[in-house]
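J.: mind looking at a prediction? Sequence and model below.
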Amino acid sequence: MTDRIEKDKVLAAVVRTFFKYFTLGIIEAYADDPNDMSVYEPKSVKQFVVKHFEKYSQTFNEEAFYAFSRMNYLEEDVEEELQKFISSDSQTSIMDLMRFACRTDEFYSTMVSEYKRNMELLLCGVFSATPEQASMYTRCGSIGNMAQDYAETIINRIANMAYEKGKNIKEK
């Protein structure tokens with residue numbers, strides 16, 4: 001039997017991982033010397049976040065859509081479900097797609113809460129959450145659980161994608 005993990009814990013890890021690695025990519029792309037540890041101090045982190053603030057939600061929506069849809073739909077069903085969802089409304093927005101990926105209001109609300117919590121930490125200059133901050137994630141037991149190995153795959157993917165997107169912002 002596969003080990004299981006609560007989805008709220010995975011959701012929190014996905015959001016936290018996105019913010020950490022997207023910010024790391026931005027810092028490494030823009031810092032004069034990414035080996036200079038002062039670029040990771042709260043004042044510098046805040047400056048990088050504020051300068052690229054609009055890119056956070058745009059990139060989060062792109063990358064988290066994949067993660068959350070994989071958490072909430074069977075891989076073989078997601079494309080068909082998405083086509084049904086889009087065809088029912090010709091004016092599908094990015095937020096509509098995020099709601100689709102989240103599947104339930106509970107999941108969506110938990111995601112919004114985690115997004116706000118992690119953005120607030122970044123705006124306070126907290127680049128990497130402490131174990132205590134990480135353990136204070138938004139709880140929502142009603143969203144179920146999932147296979148732990150699949151959760152790890154999703155988290156690793158968002159770490160890689162967020163870092164690459166952060167590094168590539170400078171090129172746009």
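T.: Done, it's in.
J.: residue contacts, Thr104?
T.: Contact criterion C-beta atoms under 8 Å, 6 or more residues apart in numbering gives Asn72, Ile143 as the residues in contact with Thr104. To be clear about C-beta, it is placed using only N, CA and C from the backbone, and glycine gets the same treatment.
J.: can you find the helix or strand of the chain with the lowest average pLDDT?
T.: Here the helix or strand of the chain ranked lowest by mean pLDDT, DSSP states H and E is helix 75-87, holding a mean of 83.
J.: from the contact counts, what lies against that one?
T.: Contact here means 3 or more C-beta pairs under 8 Å, 6 or more residues apart in numbering; DSSP states H and E; on that basis helix 75-87 packs against helix 53-72, helix 94-102.
J.: what does it rub up against?
T.: Defining contact as C-beta under 8 Å, 6+ apart, one finds that helix 75-87 is touched by Ser69, Arg70, Tyr73, Thr92, Asp96, Phe100.
J.: repeat that for stretch 153-164.
T.: The set of residues external to stretch 153-164 that reach it, using C-beta under 8 Å, 6+ apart, is 10, 13-14, 17-22, 24-25, 59, 63-64, 66-67, 70-71.
J.: determine how far it lies from the middle of the whole chain.
T.: What separates the centre of stretch 153-164 from the centre of its chain is 9 Å, taken as C-alpha atoms, centre = their mean, to the nearest Å.
J.: mind listing what's buried along that stretch?
T.: Of the residues in stretch 153-164, those buried under the neighbour-count criterion (16 or more other C-beta atoms under 10 Å) are Ile154, Ile155, Arg157, Ile158, Ala159, Met161, Ala162, Tyr163.
J.: what comes up buried for the longest helix that the chain contains?
T.: For the chain, the helix reaching the highest residue count under DSSP state H is reported as helix 7-30. Using 16+ other C-beta under 10 Å as the burial criterion, the residues of helix 7-30 that qualify are 7-27, 29-30.
J.: what of stretch 47-60?
T.: Buried positions in stretch 47-60, judged by neighbour count with 16+ other C-beta under 10 Å: Phe48, Val49, His52, Lys55, Tyr56, Thr59, Phe60.
J.: residues in contact with stretch 45-64?
T.: When contacts are defined by C-beta under 8 Å, 6+ apart, stretch 45-64 is touched by residues 14-15, 18-19, 22-23, 26-27, 30, 39, 94-95, 97-98, 101, 111, 115, 119, 122-127, 158, 161-162, 165-166, 169.
J.: ok so, going back, any chance of CSV for the buried residues of stretch 153-164, columns secondary structure and pLDDT?
T.: What follows is the buried residues of stretch 153-164, written out as CSV (DSSP: H, G, I helix; E, B strand; the rest coil; pLDDT from 0 to 100):
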residue, secondary structure, pLDDT
Ile154, helix, 98
Ile155, helix, 98
Arg157, helix, 98
Ile158, helix, 98
Ala159, helix, 98
Met161, helix, 98
Ala162, helix, 98
Tyr163, helix, 97
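J.: all set now, cheers.
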